[in-house]
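# Take a look and give me a structure for this.
(chains A and B)
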Amino acid sequence: DAGVIQSPRHEVTEMGQEVTLRCKPISGHNSLFWYRQTMMRGLELLIYFNNNVPIDDSGMPEDRFSAKMPNASFSTLKIQPSEPRDSAVYFCASSFSGELFFGEGSRLTVL
Amino acid sequence: GEDVEQSLFLSVREGDSSVINCTYTDSSSTYLYWYKQEPGAGLQLLTYIFSNMDMKQDQRLTVLLNKKDKHLSLRIADTQTGDSAIYFCAEDRKRGSYIPTFGRGTSLIVHP
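The predicted model follows:
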């Protein structure tokens, strides 16, 4: 298996633009997680899905952030409108009742 | 990450042992984890310990758990330059959830 695949790896955008980050989990995994990593706050869990259903989105910073998982092999994290303080590395991870497997991350820079 | 605390940096000489320390808050955590993040990569599970254990050894890695003090440590014997990375301590977000709440990570720098 290729592991968790995230795209884009890097994105630079201007404040106010919409950003969409994509994730393909490992086939057969039933849980998917979105984390955000910053120097100031470390690694924060934004939202996680179990069997494509959002279970806990209490970590989503505000209404500008939304996440979807339309099927077992794809998820998106959308920021609209983006702000400079959203600059971070966003990680997607998947699991099947145990160890989390992380993608390589999407580095977002909002100017 | 505010429920899990660890120092931000550790510098050691190649061949020495490294000890990375962590304190956590939730005494009901079923598992405690150590994840490793290499530059430009995602996190990988390095090892974990069940909460009813005091110690776990896996080749060069030794995990010690002090439940009374809520203290977890990771010892790396014979540290190599390839061990340079960020090491994250984590506890279960909710008991038995297998969803980790991470500390802010300790950057291990190994110099010749």
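# From now on I want contacts and neighbour counts done on CA atoms only, so please keep to that.
Will do.
# close to chain A, is the helix or strand of chain B with the lowest mean pLDDT?
Taking mean pLDDT, DSSP states H and E as the measure, strand B:100-102 is the helix or strand of chain B with the lowest mean score, a mean of 89. Yes: interface with chain A: strand B:100-102 contributes B:Thr101, B:Phe102 (Cα under 8 Å from any Cα of the partner chain).
# Beyond that strand, next helix or strand please.
Scanning forward in sequence from strand B:100-102, with DSSP states H and E defining helices and strands, the next element found is strand B:106-111.
# any residue of that following strand up close to chain A?
No: contact check for strand B:106-111 against chain A, using Cα under 8 Å from any Cα: none in range, with a minimum separation of 10.8 Å.
# which stretches of chain B have low pLDDT?
Judged against pLDDT under 70, the low-scoring parts of chain B cover residues B:1-2, B:95-96.
# Close to chain B: what parts of chain A are there?
With Cα under 8 Å from any Cα as the criterion, chain A meets chain B at residues A:41-45, A:91, A:97-105.
# again, 6 Å this time
Where chain A comes near chain B, counting by Cα under 6 Å from any Cα of the partner chain, the residues are A:Gly42, A:Gly98, A:Phe102, A:Gly103, A:Glu104.
# Which other helices and strands does the one helix or strand A:Thr76 maps to contact?
Per DSSP H and E, A:Thr76 falls inside strand A:74-79. Using 3 or more Cα pairs under 6 Å, 6 or more residues apart in numbering or on different chains; DSSP states H and E, the elements in contact with strand A:74-79 are strand A:19-24, strand A:65-71.
# What segments of the chain are strands?
Because you didn't say which chain, this covers chain A. Taking DSSP state E as the criterion, chain A contains strands spanning A:5-7, A:10-13, A:19-24, A:31-38, A:42-50, A:53-56, A:65-71, A:74-79, A:88-95, A:101-102, A:106-110.
# Correction: the question concerned chain B.
Counting by DSSP E, chain B forms strands over residues B:4-6, B:9-13, B:18-24, B:31-37, B:43-50, B:55-58, B:61-66, B:71-76, B:85-92, B:100-102, B:106-111, given from the N-terminal end onward.
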